[in-house]
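Colleague: Pasting the sequence and the predicted coordinates here, then a few questions.
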Amino acid sequence: MQNEKLPRQINPEQANHPSYNARESWRMFEIMSEFVSATERLEGIRPAVSIFGSARIPPGHAYYELTERISRKLSDAGFSVISGGGPGVMEAANKGAFFGPSPSVGLNIQLPHEQHTNPFQDISQTFAHFFVRKVMFVKFASAYVVMPGGFGTMDELMEALTLVQTGKTRKIPIILVQSSFWRGLVDWFRDSLVAEQLISPEDMDLIKVIDDPEAVVCAIFDHYEQQGFEPSAHDREIQLYL
């Protein structure tokens, strides 16, 4: 009898709290509203490039200035530039595009720290839910440019790699900038993930490591030389299931 499991005691007020249940139900409509609002606002920005990187990089830092140069070249080439809308590398990405001819887009997120909206945005959209924001980064991007960053940047990079690898989105260039920063991660992909057959050798082709801003732009154009930037009917169909 000592080992007999006692029935779990559940407080009925906690299990069926009307206030909590109502909030959870209405949250579904908030999520739907974010998707609809963002899709309508961003539909006209293609072709676009999403740029990721650390919020902690100050103006004047080499990474900040490199991001700004890349972003300006992308804008001059006709690409809208999408960033997370915050400080650091995100600000540099928006700033480079803001002073160029193509739209600067900020997909902002409500966070308790680090995130504040930078002033270099032609289009600014704020999200309460990370996953809705992440869908928008992928849905409207013709390429990913990934600058040095922390957990958030790694999260976006892995998300992009997974979606392209599994065919849940179209194949787009995923470009890592600043080879000295990324070398250890890329080597680990090859020496551990490929070596232990956790990914295929051809999965390494999903990544390009490029340092020169002009070469970043050329790599994106090279990728679309045959197929064009406009998503095909098949591309649009699979992106419905991101």
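Modeller: Sure, I can see it.
Colleague: Strands along the chain, start to end?
Modeller: In chain order, the chain shows strands spanning 48-52, 80-83, 104-109, 123-127, 143-146, 174-176, 207-209, with DSSP state E as the criterion.
Colleague: export the ones you listed to TSV and tack on mean neighbour count and distance to residue 97?
Modeller: To be clear about C-beta, it is placed using only N, CA and C from the backbone, and glycine gets the same treatment. Below are these laid out as TSV (neighbours: other C-beta atoms under 10 Å; distance: least, C-beta to C-beta, whole Å):
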stretch	mean neighbour count	distance to residue 97
strand 48-52	26	9
strand 80-83	30	4
strand 104-109	23	4
strand 123-127	18	10
strand 143-146	27	12
strand 174-176	20	16
strand 207-209	18	21
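Colleague: can those go into JSON lines with extra columns for mean pLDDT and distance to residue 233?
Modeller: Formatted as JSON lines, the strands of the chain follow (pLDDT from 0 to 100; distance: least, C-beta to C-beta, whole Å):
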{"stretch": "strand 48-52", "mean pLDDT": "98", "distance to residue 233": "20"}
{"stretch": "strand 80-83", "mean pLDDT": "98", "distance to residue 233": "22"}
{"stretch": "strand 104-109", "mean pLDDT": "95", "distance to residue 233": "25"}
{"stretch": "strand 123-127", "mean pLDDT": "94", "distance to residue 233": "26"}
{"stretch": "strand 143-146", "mean pLDDT": "98", "distance to residue 233": "21"}
{"stretch": "strand 174-176", "mean pLDDT": "98", "distance to residue 233": "23"}
{"stretch": "strand 207-209", "mean pLDDT": "98", "distance to residue 233": "27"}
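Colleague: which residues touch residue 23?
Modeller: For residue 23, no residue counts as a contact, taking C-beta atoms under 8 Å, 6 or more residues apart in numbering as the criterion.
Colleague: was I right about residue 101 contacting residue 79?
Modeller: No. Residue 101 sits out of contact with residue 79 when judged by C-beta atoms under 8 Å, with a separation of 10.2 Å.
Colleague: In terms of neighbours, single out the busier of the two.
Modeller: Comparing residue 101 with residue 79 by other C-beta atoms under 10 Å, the one with more neighbours is residue 79, at 27 against 10.
Colleague: Give me the spatial nearest neighbour of that one, chain neighbours excluded.
Modeller: When the adjacent residues along the chain are set aside, residue 79 lies closest to residue 49, with 4.8 Å between them (C-beta to C-beta, 6 or more residues apart in numbering).
Colleague: From residue 221, how far off is the one you found?
Modeller: As defined by C-beta to C-beta, to the nearest Å, residue 49 lies at a distance of 11 Å from residue 221.
Colleague: so what's the residue nearest to residue 79 bridging to?
Modeller: According to DSSP bridges, the residues that bridge with residue 49 are residue 81, residue 143.
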